[in-house]
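[1] need a structure here:
(2 chains)
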Amino acid sequence: DQQVKQNSPSLSVQEGRISILNCDYTNSMFDYFLWYKKYPAEGPTFLISISSIKDKNEDGRFTVFLNKSAKHLSLHIVPSQPGDSAVYFCAAIAPGVGSSNTGKLIFGQGTTLQVKP
Amino acid sequence: DTGVSQDPRHKITKRGQNVTFRCDPISEHNRLYWYRQTLGQGPEFLTYFQNEAQLEKSRLLSDRFSAERPKGSFSTLEIQRTEQGDSAMYLCASSVGSNQPQHFGDGTRLSIL
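    Down below sits the predicted model:
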């Protein structure tokens, strides 16, 4: 079962415009979410995270929004730049058993963003 | 460069052979994770270490897979009697805590002939 879903395999945006990448999850126990960016032949690079006690977190051009009631989060990139072209993964930290928390990540399938000059 | 280092970057082997991958985490990180990624999918969790203790293994990790982190520093992932389905990118990540971002290496791409 896919607990974290990114339903858009790809997104194309013009340079300077806003990119919005979406992510849905099914497990209401998830309480920490992360976005990673991945270039070809490289490992995922951490971008930004959000705890479930917040509904928004901003870091420069990147903002993540969390809607817990809808089990939905989104990553906004403003303004988009050609160097942002990459695969973006949404991930949630899996809840542990009792007080333990492994911190293991559950990833979505990824969205390929292309920013056109 | 003090990031996560993985070796080798690429491994091509024949079906049935054994392979071993190495991961060197960021030095102050006590948590180390292995993931596997196949084409068009996100990384999938395989196993996790806190210091030298292996605390969780995914059901994806068959008996042919074994991982170690003998001194709580570097880790190795061994696959015995490789199969075609083992072809994937194997990623290692490390972190300082459970709710801290994991930092990934560039992975080892395994191709089974």
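
[2] dig out what residue B:95 forms beta bridges with.
    residue B:31 (DSSP bridges).

[3] which parts of chain B sit against chain A?
    Contact residues, chain B versus chain A (CB under 8 Å from any CB of the partner chain): B:4, B:6, B:31, B:33, B:35, B:40-45, B:48, B:55-56, B:91, B:93, B:95, B:97-107. C-betas here are computed from N, CA, C, even on glycine.

[4] how about 6 Å then?
    Counting by CB under 6 Å from any CB of the partner chain, chain B comes close to chain A at B:41-43, B:45, B:48, B:56, B:91, B:98-99, B:101, B:104-107.

[5] so which of these wins on neighbours?
    Within these, residue B:43 tops the neighbour count with 29 neighbours, counted by other CB atoms under 10 Å in any protein chain shown.

[6] quick check: that one touching residue B:58?
    No: applying CB atoms under 6 Å as the test, residue B:43 and residue B:58 come out as separate, 11.5 Å apart.

[7] what sits against residue A:34?
    By CB atoms under 6 Å, 6 or more residues apart in numbering or on different chains, residue A:34 lies in contact with A:49, A:91.

[8] residue of chain A closest to chain B, please.
    Of all residues in chain A, the one sitting closest to chain B is residue A:107 (3.0 Å; CB to the nearest CB).

[9] what about that residue, how many residues nearby?
    Around residue A:107 sit 24 other residues, with neighbours defined as other CB under 10 Å.

[10] tell me the pLDDT of the nearest residue to it once chain neighbours are set aside.
    Once flanking residues are discounted, residue A:107 sits nearest to residue B:42: 3.0 Å by CB to CB, 6 or more residues apart in numbering or on different chains. With respect to pLDDT, residue B:42 scores 95.

[11] what parts of chain A come near chain B?
    Going by CB under 6 Å from any CB, the residues of chain A near chain B are A:32, A:42-44, A:46, A:89, A:101-104, A:107-110.

[12] show me the two of the residues you listed that sit farthest apart.
    The largest separation in the residues of chain A next to chain B, counting by CB to CB, is between A:42 and A:101 at 27.6 Å.

[13] show me where chain A has its strands.
    Under the criterion DSSP state E, chain A contains strands at A:4-5, A:10-14, A:19-25, A:32-38, A:45-51, A:56-59, A:62-67, A:72-77, A:86-93, A:105-107, A:111-116.
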